[in-house]
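Chemist: below are the sequence and a predicted model for it; my questions follow.
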Amino acid sequence: MLGGTFDPVHIGHLRSAIELRDALVLDRVHMVPARMPPHRATPGVDAEQRAIMLALGIADTPGLYVDDREIRREGPSYSTATLASLREELGPHARLVMALGYDAYLHLADWHEPQRLFELAHVVVVDRPDHRQPLPMALETLIAGRDVASVDALMQSPAGGLLHLSLPTRMAISATAIRERLQRGASVRYLLPEAVERYLLARRLYQ
């Protein structure tokens, strides 16, 4: 599971999803657009349009899948509820992984039912090689004893582990910067999949 607002989806999101799929040898990556993210402002573009752009961006990429369960669910888009739904579908023995970036990881202890996240899935942190800082005490407590050193070790069980992973391609692409460029009429060519660019320009999204 790779969640986010995808506001809009860009090349960095999609490349990270592919590299996570390959590095973890996953059957598929559920890319889950948040309807109502609990830890940030609700996006200005509605969830249905963000899901359409995500589908356009993924196109026929093997192993990537748009999962709209948070859009269909009322209330805040809690990851615990999403993982619980996936666990119910996939069964108790499936190896389920939630991937998140390092910045989000630093706030993991403040999430809704953080302990339950590990009961439902493994957590994989996509590290930023140039960015390390002391972990909050609550996070240290939450992750105590969960670290594993390799993908093979992580996949020995269905859930409960923590793996730090560096992806080979680091793209300094920001959805915030893309929105700002669109607002001032600047080009976003090659920052987004071409089909996504056509969709949002035709509808004057973010302008």
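Modeler: That came in fine, so what should we check first? Numbering: from 1, shown residues only.
Chemist: mind giving me the packing neighbours of the lowest-mean-pLDDT helix or strand in the chain?
Modeler: Of all helical and strand segments in the chain, the minimum by mean pLDDT, DSSP states H and E falls on helix 102-105, at a mean of 92. If you count contacts as 3 or more CB pairs under 8 Å, 6 or more residues apart in numbering; DSSP states H and E, helix 102-105 packs onto strand 122-126. In this view, the C-beta of every residue, glycine as well, is placed from N, C-alpha and C.
Chemist: could you point out the helix or strand that follows the strand it packs on?
Modeler: The first helix or strand that comes after strand 122-126 along the chain, using DSSP states H and E, is helix 137-143.
Chemist: alpha carbons of that following helix, in CSV - could you do that?
Modeler: Below are the C-alpha coordinates for helix 137-143, written out as CSV (Å, rounded to 0.1, in the frame of the first residue of the first chain):
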residue,chain,number,x,y,z
MET,A,137,10.6,9.4,21.9
ALA,A,138,7.1,8.2,21.1
LEU,A,139,8.3,6.9,17.8
GLU,A,140,11.3,5.2,19.4
THR,A,141,8.9,3.4,21.7
LEU,A,142,6.5,2.4,18.9
ILE,A,143,9.2,0.8,16.7
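Chemist: name the helices or strands packed onto that helix?
Modeler: Using 3+ CB pairs under 8 Å, 6+ apart, helix 137-143 sits against helix 114-120.
Chemist: list the helices and strands the helix it packs on packs on?
Modeler: Identification of packing neighbours for helix 114-120 by 3+ CB pairs under 8 Å, 6+ apart yields helix 79-90, helix 137-143.
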